[in-house]
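# what would the 3D arrangement of this be:
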Amino acid sequence: MLHPSGLPNQISSLDRTLVMGVINVTPDSFSDGGLFLDSKVAIAHAKQMLLDGVDIIDIGGESTRPGSERISAQEEIDRVLPVISEMAKTDAILSIDTMRAEVAKAAMSAGAHMINDVSGGKADPEMLVYVAQLTAPYILMHWRGPSNIMNTLTNYDDVVRDVTMEISAQVEVAVAAGISRDRIAIDPGIGFAKTVEQNWPILKHLDILDELGLPILMGASRKKFLGELLAKNGEARVMEERESATTAISTLMALRQTWAVRVHDVKATRDAIAVVDRLAQTR
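Sure thing, here's the model as predicted:
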């Protein structure tokens with residue numbers, strides 16, 4: 001299993017796909033917006049994730065759902081810091097989901113272990129400068145523009161090759177900024193500046209992305225393309241009923257030894273990965 005350097009020891013030695021659990025401390029995230037805006041509720045949910053076997057808890061304070069508008073950095077900090085500060089008292093491995101260097105710095109100071117930047121350093125010119133000062137992992141996602149316009153940025157000649165080339169180019173920007181390449185994990189950005197149909201070739205041909213030689217995070221949990229796949233009578237499957245399809249993708253990722261999957265339902269995903277892991281050990 002290829003891990004980014006800088007991971008805490010308790011997970012860097014694991015030879016299976018890691019489970020990153022999502023906590024959106026927001027009122028408007030596409031799947032769980034509003035459920036965990038209260039920090040006490042978010043903390044309780046994070047502690048349940050630990051019981052369910054989560055490897056990394058990814059805490060975000062700004063929605064990146066299609067069409068969403070940005071909030072201030074201070075509001076984002078005010079949302080995530082109480083959760084990170086409290087969970088840092090436990091043995092949880094914490095990731096801050098942010099596009100802002102100011103928020104990343106506050107979160108890392110409060111006890112986060114890594115940065116998950118869906119803009120890959122494009123949204124804030126100070127992000128890569130800050131990350132270069134750290135030894136922690138940095139997750140760089142494929143990103144073409146902010147959420148309020150990303151659905152207009154879906155023109156590709158070959159979506160698999162284009163996404164791979166664009167990620168590769170941004171990785172080189174990060175390395176040039178002083179970030180060690182071995183600290184970088186990449187995310188193809190399922191649902192970000194991609195149509196429903198464009199997500200499937202990316203999932204099918206992750207071997208092309210593998211050519212970059214970097215750990216891959218897959219974030220497909222409950223997304224629109226699954227709702228459309230499971231549509232009935234022209235109506236997309238509702239969010240909370242997309243979990244079995246999400247778990248199917250997590251199982252496929254585990255079979256191909258993808259570094260990590262970012263999911264809402266930790267328990268179902270850990271169960272699926274346990275099956276894959278046990279079969280891999282059987283002669």
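# where do the strands sit along the stretch 151-283 of the chain?
According to DSSP state E, counting those that start in this stretch, the stretch 151-283 of the chain carries its strands in the segments 184-187, 217-218, 260-263.
# can you pull out the helices in the stretch 151-283 of the chain?
Taking DSSP state H, counting those that start in this stretch as the criterion, the stretch 151-283 of the chain carries its helices at 159-176, 196-204, 206-210, 224-229, 243-255, 266-281.
# and these: which comes nearest Ile59?
When the helices of the stretch 151-283 of the chain are compared for distance to Ile59 using CB to CB, the nearest one is helix 266-281, at 13.8 Å. Bear in mind the C-beta positions are built from the backbone N, C-alpha and C, glycine included.
# and the contacts of that closest one?
Residues outside helix 266-281 that contact it (CB atoms under 8 Å, 6 or more residues apart in numbering): 16-17, 19, 21, 49, 52-54, 243, 246-247, 250-251, 254-255, 261, 263.
# hmm, back to that, ranking the strands of the stretch 151-283 of the chain by burial, who's on top?
strand 260-263 (a mean of 27; mean count of other CB atoms under 10 Å).
# with only the CA atoms kept, save that one in PDB.
As requested, the backbone C-alpha atoms of strand 260-263 are provided in PDB (Å, rounded to 0.1, in the frame of the first residue of the first chain):
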ATOM      1  CA  ALA A 260      -8.200   5.700   0.800                       C
ATOM      2  CA  VAL A 261     -11.900   6.200   0.300                       C
ATOM      3  CA  ARG A 262     -13.800   9.300   1.700                       C
ATOM      4  CA  VAL A 263     -17.200   8.200   2.900                       C
END
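# show me what it is packed up against.
When contacts are defined as 3 or more CB pairs under 8 Å, 6 or more residues apart in numbering; DSSP states H and E, strand 260-263 sits against strand 18-24, strand 217-218, helix 243-255.
# run through who's touching that strand.
Outside strand 260-263, the residues that touch it by CB under 8 Å, 6+ apart are 17-22, 55-56, 58, 185, 187, 215-221, 246, 249-250, 253-254, 269.
# ok so, going back, of the helices of the stretch 151-283 of the chain, which is nearest Phe36?
That would be helix 266-281 among these, by CB to CB, at 13.9 Å.
# got the angle for that closest one vs helix 243-255?
Taking axes from the mean of the first three to the mean of the last three CA atoms, to 10 degrees, one finds helix 266-281 and helix 243-255 inclined to each other by 30 degrees.
# give me the buried positions along helix 266-281.
Of all the residues in helix 266-281, those buried under the rule 16 or more other CB atoms under 10 Å are 266-270, 272-273, 276.
# got the angle between it and strand 18-24?
Using the same axes, to 10 degrees: helix 266-281 against strand 18-24 is 170 degrees.
# on that earlier part again, could you flag which of the contacts of strand 260-263 are buried?
17-22, 55-56, 58, 185, 187, 215-221, 246, 249-250, 253-254, 269.
# any low-confidence regions in this protein?
Of all residues in the chain, those with pLDDT under 70 make up the ranges 28-34.
# relative to Ser147, how far out is the closest residue to Asp187 other than its chain neighbours?
In this structure, Asp187 finds its nearest non-sequential neighbour in Met141, 3.9 Å apart by CB to CB, 6 or more residues apart in numbering. In this view, Met141 and Ser147 are 12 Å apart by CB to CB, to the nearest Å.
# and Arg65, by the same measure?
6 Å.
# looking at these two, which has the bigger crowd around it?
It is Ser147, of Arg65 and Ser147, that has more neighbours when counted by other CB atoms under 10 Å, with 20 against 16.
# can you tell me the helix or strand for that one?
Assessed by DSSP states H and E, Ser147 sits outside every helix and strand.
# ok, and the closest non-adjacent residue to it?
Leaving aside its sequence neighbours, Ser147 sits nearest to Ser68 (CB to CB, 6+ apart; 4.5 Å).
# same check, this time on Ala132
Spatially, and ignoring its direct neighbours in sequence, Ala132 is nearest to Gly178 (3.3 Å; CB to CB, 6+ apart).
# check contacts around that neighbour.
With contacts defined as CB under 8 Å, 6+ apart, the neighbours of Gly178 are 128-129, 132.
# can you pick the most crowded of the residues you listed?
Neighbour counts for the contacts of Gly178 peak at Leu128, which has 23 neighbours (criterion: other CB under 10 Å).
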